[in-house]
Every structure is written in C-alpha cells, then in structure tokens.
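**Q** What follows is a predicted structure for the sequence shown.
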Amino acid sequence: MYYGAMYGGSTTSILLNVPGEASSVLTCLDGYAMARAGRAGAALGIAAIGSFIAGTFSVVMLNLIAEPLANFAVSFGPPEYFALTFLGLTLVTSLTGKSLVKGIMSAVFGLLIATIGIDVISGAGRFTFGQIELMDGIGLIGLIVGLFAISEVLENIEDPLKQVFITTKMRFRDMFPTRDEWRRVLPVIGRSSIIGFFVGVLPGAGATISSFIAYATEKRLSKHPELYGTGIIEGVAAPETANNGSTGGAMVTLLTLGIPGGGSTAVMLGALLLHGLRPGPLLFHNQPDFVWGFIASMYIGNIMLIILNMPLIQMWVALLRVPYNILMPGIVSLSAIGVLATDNSITDVWIMVGAGILGYLMRKVGFPLAPLVLGYILGPMVENSLRQSLVISHGDLLVFFTRPISTVLITLGLLSLFTPIIRGVWKKAGSPEAEY
C-alpha cells in the first residue's frame, strides 16, 4: 500500500492535474503538459519505470548502509534542520517560471498560510479569528487539491480550448520514451534516486521535500531549464523517482532507530509496536526473520508496482476520452470526497473551495502555484527549527555556522539563492542591448 499510494499520486497528477500526494505536486507541471500534448502514456510510463528503479535502489541501500546512515541522521539537530529547510526554500528560484519576484511572493504567502493555527512552542493561536476549526491550521490536502484541481476546473470552464481530450487509441510503444528521451532521462533517474534516498533518511524531510530538491536540481543541471514546466519528460522523472527513492530512506530511521520519517511510517511504527516489535538497533539482532522478511516484501512490492501499473496505463489514458463536461463534475466530487475523508471535516472542503478560487486568481495574474506549496510545507519546519536553535544557543546566530553540517547546507542555500540572480544580471549586462 505504501508503494502503491506513492506511485498512484502520479496518475491523477499527469492526467487531471490533480496531485494524489503532496510529493506529486511537481509532477503536475510537466506531466499534465505532456498529457495535453497527447503523451500521457509516456509520462505515466516513465513515472512507473523511474519509481521502480528508485524503489529498488533504496531497498538495496537499506540493505547495505542502514546503520551508518542512521547514526548520521541522529546527528541532525535543530540547526541542521533549519539549514536543510533553508536550502529547500531557496529552491523557489527554480520554480518561479518567468518571474522570480512573483515566485518569491508566492513562497512567502505559503509561509504565511503555514503560520495559521496553534503555535507549537508558545501555545498561542495565530490568525484563527476565533474559529476553532482553524486551530489545527490549514489542511495540506485541501490546500493542494484546491490550488491544482479546482482551479484547473475553473480555468477549463472559462476556456474550453484548454481541455484535454483524445480520440486516438494509444499504442504499446506510446507508453515509453523515445530513444533520445531515454538518453536524457536515465541520468536524471540515477541522480534523483540518490537524492530521494538520502533526503528520505532524515526524519521529517520525506518524499515531498526530496521531490522538490530533485526537480530543482535537474532544472539547474539542464542545458534547457526554460523547457521545465512545458512538458519535458525529465520534469516527470525527477520528482517521481525522488519520492519513491525516499521510501527506502525513511525505513532506515524507522527500523534502526524507531523514528518515523513521516505520517505513513508513523502508522507503520504503531503497527509494529502493536505486534510487540520495537524498532531500534537491536531489532536486526533480535528479530532477523521479521527484518529481512520486511525488506524482501519491499523488493516484491517494487516488482508488483511495475507489473500492475504498466498494463493499466492504457486504461488510465482512456479517461481522457471522456468528454470534459462529464469528467469535470466527477473531478470536483471525488476531490471533495477525498478531502473530506482525510479528517472527516467539512472545514477542509471549504478550504479546498477557497484554495481553488485563490489558485484560479493566481493563474490569471501569472503567480506560480508550486512555490506556495513549497513555502507552506517547509514553513513549520523552518520556524520550529529556527526557534529551537535560538533557544539552545541563547539567541546566538553563530550556532548555524559553528556546526559543519549546518554550515555546508546554509552555504549551499546561499549559492542556490544568489546564483540565478547573478546569472540573470550577467546575461543582461552582456546582451547587445546593454551596449547602447
């Protein structure tokens, strides 16, 4: 189920521009653009293949280096987590589209939305306006579904020419990239698998952050970064590979330290404890049959993923043959049901509606949606780790520069933030127009 849910999020992201998981947000950018261009099969195919390769790689790494990686993860304190999330926030420069200023404004707005609710350190309510329903903050699923799914429906109602509708039957070879795309995408899968695994090892980082880091990294390494977001296959492979690569990484800290990396692994931890199994350093010694059987099931899960999903691609693509006036009510209804089922709260449905209107308005004025999601996801981690670090150091900001890991991460973050700005200024200074 863990692997299936992780991969399944890509299907709706590519076909309907509806992220099935928070980690599939960036898949919408290029996956949906490929579907609009009639290449939904290739997008789904590379998502499945990349997920299989990354999942297998992460399980192999779990076998080989679980213990030393667990010790490394334990060395992360509040300063290191702040530095990591700061690096993540600087990736907004790779997600801004045509306007860097609008992208930064979108990310800052996401950070502001993340402050709604109870302050976990002081216990005070912030921006709740006396509404008990907002004490827990804005629900992630309602926000994402509204921003992408509902705003997409509103935009298609306004402009029917944007609707994706195919009439030709997809051939078997249409499920795979072209030879030239294979040449370009295999290095992307390799790098994103590594990024996904090592980011997944860190508790709290998880698949979502790894997908953002992988996408931003590949965009910066690309010879044609301007093509990202327009339907380039590397833009599908990077986030989908990274989020599945993080699954094995999350198991490292779960099995060796008993520390869940996210919501899914927290549920797994509870299930293990209910069965009398206590994850930790002694689990491999005391329960070897369980541990290696568990790891073997991860191998089998990856194989089943590719066996089940590749034949189903043609069936999923057939959804695009459904007329949009029939498909649209289904999208809205299923989105509302999914959001409601998350916490059984009607407030989340209203959040979805509000986020849909917000997303529609942002699209109309050219503000990118992905930076807002990035800011919202990283906001609590940035704030909490910053405040904890300052409490530990009694307000001394040098705490971030006296620890090797945090120093390296902050340096990388500053380079990530200022390199695109300097490059843009350099290009303008060297352009022919600048000489006159």
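**A** Sure thing, it's come through.

**Q** mind saving the C-alpha coords of stretch 319-337 as CSV?
**A** What follows is stretch 319-337, C-alpha atoms only, in CSV (Å, rounded to 0.1, in the frame of the first residue of the first chain):
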residue,chain,number,x,y,z
LEU,A,319,-10.0,8.6,-19.1
LEU,A,320,-9.0,11.4,-21.4
ARG,A,321,-11.6,10.2,-23.9
VAL,A,322,-14.4,11.1,-21.5
PRO,A,323,-15.9,14.5,-22.5
TYR,A,324,-14.9,17.2,-20.1
ASN,A,325,-18.5,18.2,-19.3
ILE,A,326,-18.9,14.7,-17.8
LEU,A,327,-15.4,14.4,-16.3
MET,A,328,-15.4,17.8,-14.6
PRO,A,329,-18.2,17.1,-12.1
GLY,A,330,-16.5,13.8,-11.3
ILE,A,331,-13.2,15.6,-10.6
VAL,A,332,-14.9,18.1,-8.2
SER,A,333,-17.0,15.4,-6.5
LEU,A,334,-14.0,13.0,-6.0
SER,A,335,-11.8,15.9,-4.8
ALA,A,336,-14.4,16.9,-2.2
ILE,A,337,-14.8,13.3,-1.1
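
**Q** Can you list the buried residues in the longest helix along the chain?
**A** With secondary structure taken from DSSP state H, the chain has its longest helix at helix 40-74. Using 16 or more other Cβ atoms under 10 Å as the test for burial, helix 40-74 gives 40-59, 61-62, 66, 69-70, 72-73. Every C-beta, even on glycine, is put in place using the N, C-alpha and C of the backbone.

**Q** Output the contacting helices and strands for it.
**A** Packing partners of helix 40-74 (3 or more Cβ pairs under 8 Å, 6 or more residues apart in numbering; DSSP states H and E): helix 2-16, helix 25-36, helix 179-201, helix 234-257, helix 288-317.

**Q** now the angle between helix 234-257 and the third one, please.
**A** Angle between the axes of helix 179-201 and helix 234-257 is 30 degrees (criterion: axes from the mean of the first three to the mean of the last three Cα atoms, to 10 degrees).

**Q** pLDDT averaged over helix 179-201 - what is it?
**A** The predicted model gives helix 179-201 an average pLDDT of 90.

**Q** Can you check what angle separates that helix from helix 40-74?
**A** Using the same axes, to 10 degrees: helix 179-201 against helix 40-74 is 30 degrees.

**Q** Could you list every helix and strand in contact with helix 179-201?
**A** Counting by 3+ Cβ pairs under 8 Å, 6+ apart, the packing neighbours recorded for helix 179-201 are helix 40-74, helix 206-221, helix 234-257.

**Q** One more: the second one?
**A** Secondary structure elements in contact with helix 25-36, counted by 3+ Cβ pairs under 8 Å, 6+ apart, are helix 2-16, helix 40-74, helix 206-221, helix 234-257, helix 370-392.

**Q** Next up, the contacts around Leu140.
**A** Contact analysis of Leu140 by Cβ atoms under 8 Å, 6 or more residues apart in numbering lists 22, 376-377.

**Q** and if we set it to 10 Å?
**A** When contacts are counted by Cβ atoms under 10 Å, 6 or more residues apart in numbering, Leu140 touches 22, 114, 208, 263, 342, 348, 351, 373, 376-377.

**Q** Using pLDDT, spot the least trustworthy of those.
**A** Gly263 (65).

**Q** Secondary structure of Thr402: a strand, I assume?
**A** No - Thr402: not assigned to a strand; according to DSSP: H, G, I helix; E, B strand; the rest coil it is coil.

**Q** coming back round to it: pick out whichever of the contacts of Leu140 sits closest to Leu221.
**A** Using Cβ to Cβ, Thr208 comes nearest to Leu221 of the contacts of Leu140, at 20.9 Å.

**Q** re the thing from before, with distance to Ala271 added, can I get the helices and strands packed on helix 179-201 in JSON lines?
**A** Putting the helices and strands packed on helix 179-201 into JSON lines (distance: least, Cβ to Cβ, whole Å) gives the following:
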{"stretch": "helix 40-74", "distance to Ala271": "18"}
{"stretch": "helix 206-221", "distance to Ala271": "18"}
{"stretch": "helix 234-257", "distance to Ala271": "11"}
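
**Q** Among these, which comes closest to Thr402?
**A** Nearest to Thr402, of all the helices and strands packed on helix 179-201, is helix 40-74, at 18.8 Å by Cβ to Cβ.
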